[in-house]
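>>> here is my input; please provide its structure:
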Amino acid sequence: QVQLVESGGGLVQAGGSLRLSCTASGRSFSTYGLGWFRQAPLKGREFVAGITSDGSTGYGDSVKGRFTISRDNGKNTVYLQMTSLKPEETAIYYCAVVYSGAIYYFGSSYDHWGQGTQVTVSS
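Below is the predicted model:
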């Protein structure tokens, strides 16, 4: 079973930027679809961004134009570059994998999840 480890979270002021990383174990990383989700306190899980095995991307409406997802198959890592961050985007950010290589907007379609990394945006 793949292991996913997120990093890069922290405290940032509103309008600032952060880059999250998620590194996976195993040798089949290039065949995976990968997604980033977030969950704020007392709120449901929200799709943020995803990237398929062939590099196609998808974004949640609230982050389009500000967040960029990318992957480095040589490093088994997926990134989420976040800019113009807002206080309401304070949440735990999770990466997740789809073994088939696709991406989905619903978290229930993902096969495995990381433990998450906290992002706090101060006003």
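>>> what helix or strand does the residue positioned nearest the centre of the chain sit in?
Nearest to the mean C-alpha position of the chain, by Cα atoms, centre = their mean, lies Trp36 at 2.3 Å. Per DSSP states H and E: Trp36 is located in strand 33-39.
>>> what comes up buried for that strand?
33-38 (16 or more other Cβ atoms under 10 Å). Any C-beta I mention is one placed from the backbone N, CA and C, and that applies to glycine too.
>>> just the strands in this structure please.
Along the chain, counting by DSSP state E, strands occupy 4-7, 10-13, 18-24, 33-39, 45-51, 57-59, 67-72, 77-82, 91-98, 112-113, 117-122.
>>> flag the shaky bits of the protein, pLDDT-wise.
The chain contains no residues with pLDDT under 70.
>>> so Gly116 makes contact with Ala40?
No. Contact between Gly116 and Ala40 fails when scored by Cβ atoms under 8 Å: they sit 11.9 Å apart.
>>> any idea how far the residue nearest to the centre of the chain is from Ala49?
5 Å (Cβ to Cβ, to the nearest Å).
>>> what is in contact with those two at once?
Applying Cβ atoms under 8 Å, 6 or more residues apart in numbering, one finds that Trp36 and Ala49 are jointly contacted by 69, 80.
>>> about what we covered before: got JSON lines for the strands of the chain, with distance to Tyr104 too?
Shown next, in JSON lines, are the strands of the chain (distance: least, Cβ to Cβ, whole Å):
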{"stretch": "strand 4-7", "distance to Tyr104": "16"}
{"stretch": "strand 10-13", "distance to Tyr104": "28"}
{"stretch": "strand 18-24", "distance to Tyr104": "17"}
{"stretch": "strand 33-39", "distance to Tyr104": "7"}
{"stretch": "strand 45-51", "distance to Tyr104": "7"}
{"stretch": "strand 57-59", "distance to Tyr104": "9"}
{"stretch": "strand 67-72", "distance to Tyr104": "14"}
{"stretch": "strand 77-82", "distance to Tyr104": "15"}
{"stretch": "strand 91-98", "distance to Tyr104": "7"}
{"stretch": "strand 112-113", "distance to Tyr104": "13"}
{"stretch": "strand 117-122", "distance to Tyr104": "21"}
